[in-house]
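Participant: Have a look; sequence and predicted model below, questions after that.
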Amino acid sequence: MKSGSWPDGYGRTVLDRVDSTLTEAARRVPGLTGPEWILAHVQTAARGRRGRAWSMPEGNFAATLILPISGQLGQAALRSFVVSLALYEAFVATTGRAEAFALKWPNDVLLREGKVAGILLETVGAHHLAIGIGVNLIAAPGAEAVEPGAVRPVALATELGQRIAPEDFLDVLAETYARLETQFVTYGFAPIRTAWLAHAARLGEPITARTTREVFHGTFADVDADGQLVLETAQGRVTIPAGDVYF
């Protein structure tokens, strides 16, 4: 396993137990002077997208990066692609198995077509973004824990037979994220988008996308310059700013 070197300018906090790293990150904002990683070995009230519960067995990875931001919130939201690409690179660095992983729009990482990691972005006030990350390092919830049709949860240890301690994974992830964050700030979304699409799951294949109001069936054609999903449907090209994808 490749070891990470901790990036300059990023804080590192490791907690034995917390309600939620996202909640803890929001509590710590007033005292922060720069980006801070917060890792917890146990979360008692973890949450995922749209308020869904997030299963958190001990030994899995739960962390939040609290990041000072400036500019438009739409640009801040593109960090979901930055962090998912960082996760992909961290998985490859720690396992050496690039072919096993793929990226699922908008912000999941797949391992052998099962969900191994998820990301949740929340703004904290006007000047901070909290990026919550959950990774099934040791164990995954059962299929009954996810909605019908969703990608099955999988764990790194059971799928690849490799065990990685959460703090070791954090060290690698922090380094890959810092490098990609610098690239994003310096060159914009374009190179991140290109790299993300190179590892995208089901690109060029039929998928289903659900928003809060509609369901679309079509071919996954692209992710545009604003991070929107682009589908080719029987009714023409459709862009979807937010939603869930099903295979």
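Facilitator: Yes, it's here. Numbers count the residues shown, from 1 in each chain.

Participant: Show me which helix runs longest in the chain.
Facilitator: helix 166-187 (DSSP state H).

Participant: residues of that one that come out buried?
Facilitator: For helix 166-187, a neighbour-count test (16 or more other CB atoms under 10 Å) marks 166, 168-178, 180-181, 184 as buried. In short, each C-beta sits where N, CA and C put it, glycine included.

Participant: which one of those sits closest to residue 243?
Facilitator: residue 184 (23.0 Å; CB to CB).

Participant: for the closest one, what are its contacts?
Facilitator: Counting by CB atoms under 8 Å, 6 or more residues apart in numbering, residue 184 makes contact with 78, 79, 82, 192.

Participant: Quick check: the gap between it and residue 94.
Facilitator: 22 Å (CB to CB, to the nearest Å).

Participant: Just the closest of the buried residues of helix 166-187 to residue 89, please.
Facilitator: Nearest to residue 89 out of the buried residues of helix 166-187 is residue 176 (CB to CB; 4.4 Å).

Participant: My guess is that closest one contacts residue 90. True?
Facilitator: Yes - counting by CB atoms under 8 Å, residue 176 touches residue 90, with 5.0 Å between them.

Participant: Can you tell me the SS state at the spatially most central residue of the chain?
Facilitator: In the chain, the residue lying closest to the centroid (CA atoms, centre = their mean) is residue 119, at 3.3 Å. The local conformation at residue 119, judged by DSSP: H, G, I helix; E, B strand; the rest coil, is strand.

Participant: pretty sure it is touching residue 108, no?
Facilitator: Yes - between residue 119 and residue 108 there is a contact under CB under 8 Å: 7.3 Å.

Participant: Mind telling me the two of the contacts of residue 184 farthest from one another?
Facilitator: Greatest spacing in the contacts of residue 184, by CB to CB: 79 and 192 (9.4 Å).

Participant: quick one: contacts for residue 59?
Facilitator: 137, 138, 139, 166.

Participant: Looks to me like the third one is in a strand.
Facilitator: Same thing as residue 139. No - counting by three-state DSSP, residue 139 falls outside a strand, being coil.

Participant: With the flanking residues excluded, which residue is spatially nearest to it?
Facilitator: residue 57 (4.5 Å; CB to CB, 6 or more residues apart in numbering).

Participant: same thing with residue 150?
Facilitator: residue 246 (7.0 Å).

Participant: Now do the contacts for that neighbour.
Facilitator: Contacts of residue 246 by CB under 8 Å, 6+ apart are 149, 150, 151, 207, 208, 209, 210.

Participant: Any chance of JSON lines for these, columns distance to residue 112?
Facilitator: Formatted as JSON lines, the contacts of residue 246 follow (distance: CB to CB, whole Å):
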{"residue": "149", "distance to residue 112": "18"}
{"residue": "150", "distance to residue 112": "16"}
{"residue": "151", "distance to residue 112": "11"}
{"residue": "207", "distance to residue 112": "18"}
{"residue": "208", "distance to residue 112": "21"}
{"residue": "209", "distance to residue 112": "22"}
{"residue": "210", "distance to residue 112": "23"}
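
Participant: Include neighbour count when you put these into JSON lines, please.
Facilitator: Compiled in JSON lines, these are given as follows (neighbours: other CB atoms under 10 Å):
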{"residue": "149", "neighbour count": "10"}
{"residue": "150", "neighbour count": "15"}
{"residue": "151", "neighbour count": "18"}
{"residue": "207", "neighbour count": "19"}
{"residue": "208", "neighbour count": "15"}
{"residue": "209", "neighbour count": "21"}
{"residue": "210", "neighbour count": "14"}
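
Participant: Reformat these into a markdown table and put secondary structure next to each item.
Facilitator: What follows is the contacts of residue 246, written out as a markdown table (three-state DSSP):
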| residue | secondary structure |
| --- | --- |
| 149 | coil |
| 150 | coil |
| 151 | coil |
| 207 | strand |
| 208 | strand |
| 209 | strand |
| 210 | strand |
